[in-house]
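Visitor: Please work out how this folds:
(2 chains)
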Amino acid sequence: MATLELQRPRGTQDILPKDSAKWQVVEAAAHRVAQSFGYAEVRTPTFEHVEVFRRGVGDATDIVEKEMYEFKDHGDRDLVLRPESTAAVARALLQASAFAEPPVRLYYMQSHFRYERPQAGRLRQHTQFGVEVYGAGGPLADAEVIALAQSFLAELGLRNLSVRLNSIGDAQCRPAYRAALVAHLEGHREELCADCQRRIERSPLRVLDCKKEGCRRVVAEAPQPIDHLCEDCLRHLEGVEAALFALGISYARDGSIVRGLDYYTRTVFEIQYAKLGAQSTVCGGGRYDGLVEALGGAPQPGVGFGLGLERLLLTLEEESLLPADRSAVDVFVAAIGEELGNEALRIAQLLRGHGLRVEQDILARSLKAQLRRAQKVGVAKVVILGPQEFARGVATVRDMVSSAQEEVPIDQLAARITAPVRE
RNA sequence: GUGAAUGUAGCUCAGUUGGUUAGAGCACCAGGCUGUGGCCCUGGGGGUCGGGGGUUCGAGUCCCCUCAUUCACCCCA
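Guide: Now for the predicted structure:
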């Protein structure tokens, strides 16, 4: 492939007609399911002040430390293309004083930007469908959010994805657990990989998720978050599990689910699809009771998830759950001779007025070429308008499947060609 | 940021140990059929062989650099 002078930026995608229909299927399902749970859509700016994410997501996270697209505008403001939406939505709610009437249930579907090396299921611009619930601190909110994600995936035909659930504690019990974990890891520092040795100080919980053999052995002996939960956190986790059981949603406890963003507390969960390769997590979420306070508001419990639509599309593709391409038009109006071009336009317009999807020739090509085009776009009928018919006030209607033709008075075309049933 | 693989028509790919004007299939356009799609036949348009540099009488082929893509690590959706 010859290199174009101008190509799309690395890690971005063009969604061409071949794929845009698939996106529309997924987007429609997201709106439908979210609204069926009583969630309303929220949209936030594509760029925000850097502080929103420094304080919301956490200064020491990879996202903030090295993945943000930051820039200064002409007013010398420090801005950033939003790397995620949870902190941005919280900022928006705070600004609108929207926490007054809990619970607040919202969903979003928008792009995020992170400077990373692209690979399967990971892009520099990606789209997440996500939900946020504020003002509800109990386990029912967590379960509702998981049920929403699960319903959305089921709506698209996906079954048997695995729901992994864990709790990473809260401000009461996490510090003590963290200290216990660090002490254990320090004792086995030599057995850990270089990355994990660095993680001991920076983010010890992340070691739990390391796939390296040596680290796994150390982790197997390490104190687990679940055993160090305070009474409130444990009761919360059990409440979530009881709710999931009541809903018939199967899940597995997974102590390695830790999540990377600072704002998570208590519940964390992922929904995974193994065939996606290294990026198997389609949906990730959890509870973030400290987020609003970190942004400068009065404390507000919150819970939600983010679901990567590009990864979801990969999954649907893999499972053959995307609809086959369907014909985009019902009727093609062909004109013989340039003089009839305007008349063909008029007839096409007339038919559109009757609910048909209609394309007409605009290249003044041979009838043969026009019919080839009509077949290519998959129409059921072609209206052929030639000088001979036009002189008599009729047009030929050709059925592209049976090849049968009949002459129809032009003013009766709309009545004769009825719109096909579309699901 | 680290590692590996791959870049030849719009697409999928051939291209011998370096050797004349770089090919095929599909797609596209036209003609055969001067007003009728699919099948068939014939013809046509389309390539700075990703880019730059080097070795050589000669580079798509060998070497170096670079860019892009893909996969993995890190991390995450």
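Visitor: ok so A:Leu165 is a strand residue?
Guide: Yes. Under DSSP: H, G, I helix; E, B strand; the rest coil, A:Leu165 falls within a strand.
Visitor: my read: it touches A:Ile271, true?
Guide: No. The pair A:Leu165 / A:Ile271 is not scored as a contact, 10.1 Å apart, by CB atoms under 8 Å. For the C-beta atoms, the positions are set from N, CA and C on the backbone; glycine is no exception.
Visitor: Enumerate the residues of the stretch 151-300 of chain A near RNA strand B.
Guide: Within the stretch 151-300 of chain A, the residues that sit near RNA strand B (CB under 7 Å from any atom of the strand) are A:195, A:199, A:206, A:209-212, A:259-261, A:270, A:277-284.
Visitor: Which residues are in contact with the closest residue to RNA strand B within chain A?
Guide: Residue nearest to RNA strand B within chain A: A:Gly260 (1.0 Å; CB to the nearest atom of the strand). Counting by CB atoms under 8 Å, 6 or more residues apart in numbering, A:Gly260 makes contact with A:61-63, A:203, A:206.
Visitor: Let me know the helix or strand that A:Asp232 is in.
Guide: If you go by DSSP states H and E, A:Asp232 is part of helix A:231-247.
Visitor: who touches the helix or strand just after that helix?
Guide: Following helix A:231-247 in sequence order, the next helix or strand is strand A:252-253 (DSSP H and E). The contact list for strand A:252-253 (CB under 8 Å, 6+ apart) reads A:162-166, A:226.
Visitor: And these, which is closest to A:Ala243?
Guide: For the contacts of strand A:252-253, the closest approach to A:Ala243 (CB to CB) belongs to A:Leu165, at 11.3 Å.
Visitor: what are the ranges of the helices in the stretch 1-150 of chain A?
Guide: A:17-36, A:50-56, A:62-66, A:86-95, A:139-155 (DSSP state H, counting those that start in this stretch).
Visitor: where among those helices is the average confidence lowest?
Guide: Ranked by mean pLDDT, the helices of the stretch 1-150 of chain A bottom out at helix A:62-66, which scores a mean of 88.
Visitor: Does RNA strand B have contacts with that one?
Guide: Yes. Under the criterion of CB under 7 Å from any atom of the strand, RNA strand B is reached by helix A:62-66 at A:62-63.
Visitor: Find the nearest non-adjacent residue to the most centrally placed residue in chain A, please.
Guide: Centroid check for chain A by CA atoms, centre = their mean gives A:Leu309 as the closest residue, at 2.8 Å. If the residues on either side of it in the chain are set aside, A:Leu309 comes closest to A:Thr127, at 4.3 Å by CB to CB, 6 or more residues apart in numbering.
Visitor: which residues touch that neighbour?
Guide: Residues counted as contacts of A:Thr127 (CB under 8 Å, 6+ apart) are A:109-112, A:308-310.
Visitor: Can you lay out those residues as JSON lines showing pLDDT and distance to A:Ala328?
Guide: JSON lines is the format used below for the contacts of A:Thr127 (pLDDT from 0 to 100; distance: CB to CB, whole Å):
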{"residue": "A:Met109", "pLDDT": "98", "distance to A:Ala328": "24"}
{"residue": "A:Gln110", "pLDDT": "97", "distance to A:Ala328": "27"}
{"residue": "A:Ser111", "pLDDT": "96", "distance to A:Ala328": "26"}
{"residue": "A:His112", "pLDDT": "96", "distance to A:Ala328": "31"}
{"residue": "A:Gly308", "pLDDT": "96", "distance to A:Ala328": "28"}
{"residue": "A:Leu309", "pLDDT": "96", "distance to A:Ala328": "23"}
{"residue": "A:Glu310", "pLDDT": "94", "distance to A:Ala328": "24"}
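Visitor: What's the ChimeraX syntax to select whichever of the residues you listed are buried?
Guide: The buried subset of the contacts of A:Thr127, as determined by 16 or more other CB atoms under 10 Å, is captured in ChimeraX by this line:
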select /A:109,110,112,308,309,310
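Visitor: Contacting RNA strand B as well, which ones from the contacts of A:Thr127?
Guide: Answer for those near RNA strand B (CB under 7 Å from any atom of the strand): A:308, A:310.
Visitor: Just the ones of the contacts of A:Thr127 in strands?
Guide: Secondary structure from DSSP state E places A:109-112, A:308 of these in strands.
Visitor: Just flag the most distant two among these.
Guide: Spanning the widest gap among those are A:Gln110 and A:Gly308, at 12.2 Å by CB to CB.
Visitor: what do the two both touch?
Guide: A:127-128.
Visitor: quick one on the thing from earlier: buried stuff in the helix holding A:Asp232?
Guide: Those would be A:233-234, A:236-237, A:239-241, A:243-244, for helix A:231-247 by 16+ other CB under 10 Å.
Visitor: rewinding a little: in a markdown table: the contacts of A:Thr127, plus distance to A:Ile384.
Guide: Rendered in a markdown table, the data for the contacts of A:Thr127 read as follows (distance: CB to CB, whole Å):
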| residue | distance to A:Ile384 |
| --- | --- |
| A:Met109 | 44 |
| A:Gln110 | 47 |
| A:Ser111 | 46 |
| A:His112 | 51 |
| A:Gly308 | 48 |
| A:Leu309 | 43 |
| A:Glu310 | 44 |
